[in-house]
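K.L.:
Sharing a model prediction with you, sequence too.
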Amino acid sequence: MTQQHSTKIKWEDKSKGTLRFEEKMKEKAHIIVFGNEKGGSGKSTTAMHTAIALLRMGYKVGTIDLDARQGTLTRYFKNRFNYIVQNKENIPSPDHMAIERSQAETKAEQQAEETAFLSMALEELGKICDFIIVDTPGTDCFLSRLAHSFADTLITPMNDSFIDLDLLADIDMNNYEIRGPSVYALMVEEQRNKKMMTSGRGIDWIVMRNRIPHLSTNNNKIIADLLDKISKLASFRLTPGFGERVVFKELFLKGLTLMDLKEYQNNELTMSQISARQEIRTLIKAIAPEKYKGYRKPLRPDDIKTKKIAPENDNTVNTNDLMDESIEKKKKKSA
């Protein structure tokens, strides 16, 4: 079941019961789940950029695609693998797995299989990774709920619209009063309680506003105010998301991210690319990986292939510089 760029877990084995992997695996891997029951919010794009950003900071990263039917994250890494082979580039890539929905006959068998295979994937990656990133389907299903219950950090990207906001809270549109939590917020609370009961640990929930238009509108201000109020009621943290930029999408076919651009293009970065990279750094700062796994030295070019990682002794490292430092050294060396 170990890695390669797309290891699909089939549903041939009938596992009995669930794996108590909470005891077996990890105080090692920190699990980051990207979840939202609405599609098109930018989960896969955000998950991909987060994974590569953490890799470039020197962490070992594994990724799991639970939306194997659509498979956006899986295709992203297939494209990345093809780019590496064709261009003979040593760019960092995570250990990736994709899990398909169970096709068992009964609901009980389906849930048992999905629980077993997700637990196995997390346990396997937990042996070798600092962080495991899980991309969930944009719908409510058992596999998605299960992933939420395993999250150490839950990141919910949402578009800047009342349609997305409706998943978090029931809003009275006459006076914009919050009448109560909505379906997704209730589900997250349920999984938080479940995790607290089984492991004694909570879930750090982060909500990020994606695709924010460059021009501020009255609609944006209302949503911002409502999110601030909901965050206090539902106990999540707010962080700025990614703007409405073409640059986040145009590299998909090559499997690249904005954190790869200094290797991919020889010319200077555009202002839009620089701003987009800063948005990624802002998200990483909100996740605060050093809080869970300490600091890591940036990967040297020779280490990218072997994935050697050494802990950083000096805890005063500027995390904003970590993702670029190794590439700057590579450029100076080639010059």
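P.N.:
Perfect, thanks for sending it.
K.L.:
centroid residue for this protein?
P.N.:
Ala47 (3.2 Å; Cα atoms, centre = their mean).
K.L.:
just checking, what packs against the helix or strand containing that one?
P.N.:
Here Ala47 sits within helix 43-56, counting by DSSP states H and E. Counting contacts by 3 or more Cβ pairs under 8 Å, 6 or more residues apart in numbering; DSSP states H and E, helix 43-56 packs against strand 30-34, strand 61-65, helix 72-87, strand 131-135, strand 153-159, helix 271-287, helix 319-334. Yep, even glycine has a C-beta here, placed from its N, CA and C like the rest.
K.L.:
Quick one: mean pLDDT over stretch 101-112.
P.N.:
Averaged over stretch 101-112, pLDDT sits at 92.
K.L.:
Revised request: answer the last question for stretch 203-218.
P.N.:
What stretch 203-218 shows for mean pLDDT is 82.
K.L.:
circling back to that earlier point, by neighbour count, which bits of the helix holding Ala47 are buried? Give me those.
P.N.:
43-56 (16 or more other Cβ atoms under 10 Å).
K.L.:
any idea which of these is closest to Asp225?
P.N.:
Thr46 (23.6 Å; Cβ to Cβ).
K.L.:
residues contacting Phe252?
P.N.:
76, 79 (Cβ atoms under 8 Å, 6 or more residues apart in numbering).
K.L.:
just use 108 as the starting number from now, easier for me
P.N.:
Renumbered: residue one is now 108, and that last one reads Phe359.
K.L.:
List the backbone torsions phi and psi for it.
P.N.:
When read as degrees, to the nearest 10, the backbone of Phe359 gives phi -60, psi -50.
K.L.:
Glu212: neighbouring residues, count only.
P.N.:
Applying other Cβ atoms under 10 Å, we find 8 residues neighbouring Glu212.
K.L.:
before we move on, what about the one 3 residues further on?
P.N.:
Here the count is done by other Cβ under 10 Å, and Ala215 has 9 residues near it.
K.L.:
Report the angle between the helix or strand harbouring it and strand 238-242.
P.N.:
Applying DSSP H and E as the criterion places Ala215 in helix 214-233. Counting by axes from the mean of the first three to the mean of the last three Cα atoms, to 10 degrees, helix 214-233 lies at 150 degrees to strand 238-242.
K.L.:
what comes up buried for helix 214-233?
P.N.:
For helix 214-233, burial by neighbour count (16+ other Cβ under 10 Å) applies to 217-233.
K.L.:
Check which helices and strands that helix is in contact with.
P.N.:
Going by 3+ Cβ pairs under 8 Å, 6+ apart, helix 214-233 lies up against strand 114-116, helix 128-131, strand 168-172, strand 202-206, strand 238-242, helix 249-257.
K.L.:
Show me the one of the ones you listed that comes nearest Tyr283.
P.N.:
Nearest to Tyr283 among those is helix 249-257 (27.9 Å), distances taken as Cβ to Cβ.
K.L.:
Just give the closest residue to Gly146, not the sequence neighbours.
P.N.:
Gly245 (3.0 Å; Cβ to Cβ, 6 or more residues apart in numbering).
K.L.:
Surely that neighbour touches Gly142?
P.N.:
No. At 9.2 Å, Gly245 does not count as touching Gly142 under the criterion of Cβ atoms under 8 Å.
K.L.:
Overlap in contacts, those two.
P.N.:
Common neighbours of Gly245 and Gly142 (Cβ under 8 Å, 6+ apart) are Lys150.
K.L.:
Neighbour count for those two, which is higher?
P.N.:
Gly142 (26 against 18).
K.L.:
Tell me who's in contact with the more buried one.
P.N.:
150, 243, 251, 254-255, 258, 261-263, 295.
K.L.:
And Gly362, by the same measure?
P.N.:
Contacts of Gly362 by Cβ under 8 Å, 6+ apart are 183-190.
K.L.:
And Met315, by the same measure?
P.N.:
Met315 touches 153, 262-265, 345-349, 390, 393, counting by Cβ under 8 Å, 6+ apart.
K.L.:
any idea whether it is helix, strand or coil?
P.N.:
strand (DSSP: H, G, I helix; E, B strand; the rest coil).
K.L.:
give me the beta-bridge partners of it?
P.N.:
Pro264, Thr346 (DSSP bridges).
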